[in-house]
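**Student:** need a 3D model of the sequence below.
(chains A, B, C and D)
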There are 2 protein chains.
Amino acid sequence: MTTTETGPGRRERKKAATHQALADAALRLFLDRGYDNVTVREIADAADVSTTTLLKHFPSKEALVFDRDSEVEASLIAAVENRPSGSSLLSALRAHTRGRIEYSAGSKESADFMKLVHGTPALVEYWHKMWMRHEHALARAIAADLGVPETDPRCAALAHLALETSALAQRAGDPVRAVDAAFDLLEHGWRAGN
Amino acid sequence: MTTTETGPGRRERKKAATHQALADAALRLFLDRGYDNVTVREIADAADVSTTTLLKHFPSKEALVFDRDSEVEASLIAAVENRPSGSSLLSALRAHTRGRIEYSAGSKESADFMKLVHGTPALVEYWHKMWMRHEHALARAIAADLGVPETDPRCAALAHLALETSALAQRAGDPVRAVDAAFDLLEHGWRAGN
DNA sequence: TGCAATAAGTGCAACCGTACAACTTTAAGA
DNA sequence: TCTTAAAGTTGTACGGTTGCACTTATTGCA
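**Tutor:** You can find the predicted model right below:
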């Protein structure tokens, strides 16, 4: 009658629990007192582990904030690959970018999170680095979509500039307008508008 | 018969000398032994000042590498404002971007410098931050050139994406081709090429 | 000419994030 | 059951950065 459910196994469950406890404690402390006023030692204490253990779960203090990251890339690539038939590459990218912005203004929870990130230079920077790490994957998806070799510099250029659009929007007063201006530029070129 | 030349004054001269000595010592040590293998204490020692003094001249270790920075922005803005009559905004930006890349491959000195920067993640990041700090100035110059208000999001978008082109180029295998691909995109839009 | 204000420079101590090494505990699998 | 490997711990150290109290020297003004 022992539990023979061969699930993730106790070990991995404990690991996942520790991981989650750390991320939760970190986010709570950061939101409470501000990112810079919290030390990794405090977070480790709050989750009742040592700082060494913390750093085995998260490579850096910033990484504690941006946990769920793999999903981001998946959703980005899916936006290109699974777009409704008939819609162009650029409009899919534009829609996805706008969607991300509008989503982050949606719930109060994510709004607080955004405030935390944008109010902390170190986090803004880290987010940018993470975000741009998807450049290659996006370039590949674009190349595949077009049926051109991956080495085509036009794909790399579009991937880079399309992703940068998000970075541009975040510092802008009106993010949605900024995204649209940038995508108009990418879609039709500079002369078209004026 | 005392020297009545009211130049920069002895004090500021000494300050400038210390500043220069620090930057020189730092660059020499970095090129010799690699950025990460040199401590700020060593640099301060080499220039015969305390680390506290060093950090009053340069806000961080990275800043020791990128001294002459104001000139960069001036040259960027000049490229827009003083471009040959008849040439378009975009071709001026393209030419300036290409010029910067070709220049850095010119002398052995600057090639070594580039190798130092590109071989050190912390410096790549810092350079990018510095470079993008000119975004606002460029956007203003563009707005002035077009005779539109500074708040026009199209100007901010072009400034951001045009500057990012340099960042894109640096990681690319063929930087010049990458720049051209990106500027083709900005100039004529995505559809035009394919 | 002399004096007060200012700023460069110093020394010290501490903090924080991060890395490493040696050790203990605990679960998994043969 | 026994071996093995991973998770976690403890302690220690390094390097960049900051703050404070202090000294020295230059400058501008009375």
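
**Student:** name the spans of chain A whose pLDDT lies under the cut-off.
**Tutor:** A:1-11, A:192-194 (pLDDT under 70).

**Student:** which bits of it sit near DNA strand C?
**Tutor:** Residues of chain A that fall close to DNA strand C, judged by Cβ under 7 Å from any atom of the strand: A:9-12, A:14, A:38-41, A:51-52, A:55, A:59-62. Heads up, the C-betas are built off the backbone N, CA and C, glycines and all.

**Student:** just the buried subset of the residues you listed, please.
**Tutor:** If you count burial by 16 or more other Cβ atoms under 10 Å in any protein chain shown, the buried members of the residues of chain A next to DNA strand C come out as A:38, A:40, A:61, A:62.

**Student:** could you dump these to JSON lines with distance to residue A:131 and secondary structure?
**Tutor:** Below are these laid out as JSON lines (distance: Cβ to Cβ, whole Å; DSSP: H, G, I helix; E, B strand; the rest coil):
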{"residue": "A:38", "distance to residue A:131": "23", "secondary structure": "coil"}
{"residue": "A:40", "distance to residue A:131": "23", "secondary structure": "helix"}
{"residue": "A:61", "distance to residue A:131": "18", "secondary structure": "coil"}
{"residue": "A:62", "distance to residue A:131": "13", "secondary structure": "helix"}
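
**Student:** so which of those comes closest to DNA strand D?
**Tutor:** Checking those against DNA strand D by Cβ to the nearest atom of the strand gives residue A:40 as the nearest, at 10.8 Å.

**Student:** tell me who's in contact with that closest one.
**Tutor:** A:51, A:54, A:55, A:61 (Cβ atoms under 8 Å, 6 or more residues apart in numbering or on different chains).

**Student:** again, 10 Å this time
**Tutor:** Residue A:40 sits next to A:22, A:26, A:51, A:54, A:55, A:58, A:60, A:61, A:64 when contact means Cβ atoms under 10 Å, 6 or more residues apart in numbering or on different chains.

**Student:** tell me the gap between the helix or strand harbouring the second one and the middle of its chain.
**Tutor:** Using DSSP states H and E, residue A:26 sits within helix A:9-33. Distance, stretch centre to chain centre, for helix A:9-33: 19 Å (Cα atoms, centre = their mean, to the nearest Å).

**Student:** from memory residue A:152 sits against residue B:181, does it?
**Tutor:** Yes: judged on Cβ atoms under 10 Å, residue A:152 makes contact with residue B:181 at a distance of 8.1 Å.

**Student:** between these two, which one's more packed in?
**Tutor:** Between residue A:152 and residue B:181, counted using other Cβ atoms under 10 Å in any protein chain shown, the more crowded position is residue B:181 (23 against 17).

**Student:** does that one touch residue A:154 like I think?
**Tutor:** Yes: between residue B:181 and residue A:154 a contact is recorded at 4.9 Å, counting by Cβ under 10 Å.

**Student:** re earlier: and which of the residues of chain A next to DNA strand C is nearest to residue B:191?
**Tutor:** Distance to residue B:191 across these (Cβ to Cβ) is lowest for residue A:62, with 38.6 Å.

**Student:** residue contacts, the closest one?
**Tutor:** Taking Cβ under 10 Å, 6+ apart, we find residue A:62 in contact with A:35, A:117, A:120, A:122, A:123, A:125, A:126, A:127, A:129, A:130.

**Student:** same deal with residue A:95?
**Tutor:** So residue A:95 contacts A:79, A:83, A:84, A:87, A:183 (Cβ under 10 Å, 6+ apart).

**Student:** same deal with residue A:44?
**Tutor:** Counted by Cβ under 10 Å, 6+ apart, residue A:44 has contacts A:22, A:25, A:26, A:50, A:51, A:52, A:53, A:54, A:55, A:57.
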